[in-house]
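> Here's a sequence, model it:
(one chain, ligands or ions: 1)
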Amino acid sequence: MRKAKFERKTKETEILVELDLDGTGKAGIDTPIGFLNHMLELFTFFSRVDLKLKATGDVNVDFHHTVEDIGISIGEVFFKALSDKSGIHRFGHAATPMDESLSQVVVDISGRPFLVYRPIQLPEKIGEMDSELFEVFFQAFAFRSRITLHVNMFYGDNGHHIIESCFKGLGRAMRQAVKITEKDIPSTKGVL
Ligand SMILES: [Mn+2]
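Model prediction:
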């Protein structure tokens, strides 16, 4: 069973997340940040995992702690559910348009945390979120899931569309990467 739960409580945030890698794309996302809920629902739908997330945080300060800790928690629950990574496809990539916008997301479930983030000019805020928080999310997710993640934005005029294409792309790339397609651990080292 490729399932996991992760709970994180600090003085800043309280997060509970549950993941089933062999799900159908069912999302139960509940955070105080509307735009992030929208993005995580898209991510879940296109990754075809089942993801339940309940998060509260000190959003009266700003959204930074909550966004970062959600990234940490989703990363950790993927790491736990992937276990020894036996049989996974390991790599995934997706170029995803949304109307006038295009981005590319590439992942390697490598055990080596890394983020390459190449944004284009974004509006200062998308929904109520500061645009700088998307990098914070991707960084936290990549480092805690121990994956190599590349997010390349190519072009687009509408900030909502650009970021939406990235989250759909992350879902599509992770869908390929977590899928069982191999008979062993896909590394010449024998360990991921
Ligand atoms: Mn949308």
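> On the pLDDT front, check residue 1 for me.
Note for residue 1: predicted pLDDT of 88.
> That one and residue 21, how far apart?
Applying CB to CB, to the nearest Å, the value for residue 1 to residue 21 is 9 Å. For every residue, glycine as well, the C-beta is placed using N, CA and C.
> One more: residue 43?
To residue 21, residue 43 is 14 Å away according to CB to CB.
> Name the residue in residue 1 and residue 21 with the higher neighbour count.
Neighbours were counted for residue 1 and for residue 21 using other CB atoms under 10 Å; residue 21 has more, 24 against 8.
> That one is in contact with residue 49, isn't it?
Yes: counting by CB atoms under 8 Å, residue 21 sits close enough to residue 49 to count as a contact (5.4 Å).
> any common contacting residues for the two?
residue 178 (CB atoms under 8 Å, 6 or more residues apart in numbering).
> quick one: low-confidence ranges for this protein?
Within the chain, no range satisfies pLDDT under 70.
> can you pull out the strands in it?
Listed in chain order, the strands of the chain (DSSP state E) span 3-9, 13-20, 27-30, 50-57, 91-98, 101-108, 114-118, 125-126, 129-130, 148-155.
> Can you give me the distance of residue 181 to residue 2?
From residue 181 to residue 2 the distance is 14 Å (CB to CB).
> When those two are compared, which one has more neighbours?
residue 2 (17 against 11).
> Spit out the contact partners of that one.
Applying CB under 8 Å, 6+ apart, the residues contacting residue 2 are 20, 21, 22, 81, 82, 83, 178.
> Return the closest of those with respect to residue 73.
Of all the contacts of residue 2, residue 73 sits closest to residue 81, with 12.5 Å by CB to CB.
> Spatially nearest residue to the closest one (excluding sequence neighbours)?
residue 4 (3.8 Å; CB to CB, 6 or more residues apart in numbering).
> Identify the residues contacting the one you found.
18, 19, 77, 78, 80, 81.
> Check residue 127 too.
Counting by CB under 8 Å, 6+ apart, residue 127 has contacts 33, 34, 35, 36, 38, 160.
> Quick check: the two most widely separated of those?
Farthest pair in these, by CB to CB: 33 and 160, 14.0 Å.
> If the closest residue to residue 116 other than its chain neighbours is in a bridge, with which residues?
What sits nearest to residue 116 in space, not counting adjacent residues and going by CB to CB, 6+ apart, is residue 150, at 4.4 Å. Beta-bridge pairing for residue 150 (DSSP bridges): residue 106, residue 116.
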